[in-house]
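[1] Quick one, what's the 3D model for this:
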Amino acid sequence: MSDTWAISQELYDWIIANLPQNRTILELGSGEGTNWLSNHFEMISIEHDPKYLNRYRSRYIHAPIQAFRKQCGVFPNDQGWYDREVLRRELPRLKYDMILIDGPPNKYGRGGFYKWRELFNLNVPLVFDDVQRERETKLIRRISACLKRPYTVYATWTVKHFGVILP
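    Residues are numbered from 1 along each chain as shown. Next up is the predicted model:
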């Protein structure tokens, strides 16, 4: 696994070990990790960037980034998030067994997941990539507190770490 926009080998291995094959993963963001995971799982990818749409074996939901009109509450440095109307329309129809929070890109921030968490089924494993970054650490802590469920952070041999909240 060499793509810099990909999940780490350790995260990939954790998912393979903890989610039975042929289950469905809802991922925020799409990249080379989508390709690897689609060999074992059904994938649904929420993606803002048209160049990643239909690139890998996944059901794609195109949700362009919408800039925040005002600061995103506890995530004041976030610039925007996936189009909420697209998510409101699409998410209730979906059944998934895990959520992989790996998007949108860091330049936008991922605080929208916290702000609009009611749009998602949170009674599945929640996997947060890039928790070595301050904003992603804050996100997993906030979601953990809201759900009253602990989180675990997995340090990898690379600089990328991931965190998990189990149902």
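[2] what about the helices in the protein?
    Assigned by DSSP state H, the chain shows helices spanning 9-18, 32-37, 84-90, 111-115, 134-147.
[3] among those, which is nearest Arg59?
    helix 84-90 (9.8 Å; C-beta to C-beta). No exception for glycine: its C-beta is placed from N, CA and C like everyone else's.
[4] so can I have CSV of the helices of the chain showing mean neighbour count?
    Below are the helices of the chain laid out as CSV (neighbours: other C-beta atoms under 10 Å):
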stretch, mean neighbour count
helix 9-18, 16
helix 32-37, 22
helix 84-90, 14
helix 111-115, 22
helix 134-147, 17
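[5] To Tyr56, which of those helices lies closest?
    helix 32-37 (4.3 Å).
[6] Local confidence estimate at the nearest residue to Val74 once chain neighbours are set aside?
    Distances taken as C-beta to C-beta, 6 or more residues apart in numbering place Arg142 nearest to Val74, at 6.4 Å, with adjacent residues excluded. Among the per-residue scores, Arg142 holds a pLDDT of 97.
[7] just checking, Arg142 touches Tyr114?
    Yes. Arg142 is within contact range of Tyr114, at 5.1 Å (criterion: C-beta atoms under 8 Å).
[8] For the two, list the residues in contact with both.
    Between them, Arg142 and Tyr114 share these contacting residues under C-beta atoms under 8 Å, 6 or more residues apart in numbering: Val74.
[9] Okay, now the unreliable bits of the chain?
    1-5, 71-72 (pLDDT under 70).
[10] can you tell me which residues contact Met43?
    Thr24, Ile25, Glu27, Thr34, Leu37, Tyr56, Arg57, Ser58, Arg59.
[11] and the gap between the residue most central in space within the chain and Val124?
    With distances taken as C-alpha atoms, centre = their mean, the residue of the chain nearest its centroid is Ile101 (1.3 Å). For Ile101, the distance to Val124 (C-beta to C-beta, to the nearest Å) stands at 12 Å.
[12] for Ser144, same thing?
    Counting by C-beta to C-beta - Ser144 and Val124 are separated by 15 Å.
[13] same thing with Asp78?
    24 Å.
[14] And the two? Which one has more around it.
    Using other C-beta atoms under 10 Å, the more surrounded residue of Asp78 and Val124 is Asp78, with 24 against 20.
[15] so the more buried one makes contact with Gly111?
    Yes. Counting by C-beta under 8 Å, Asp78 touches Gly111, with 4.2 Å between them.
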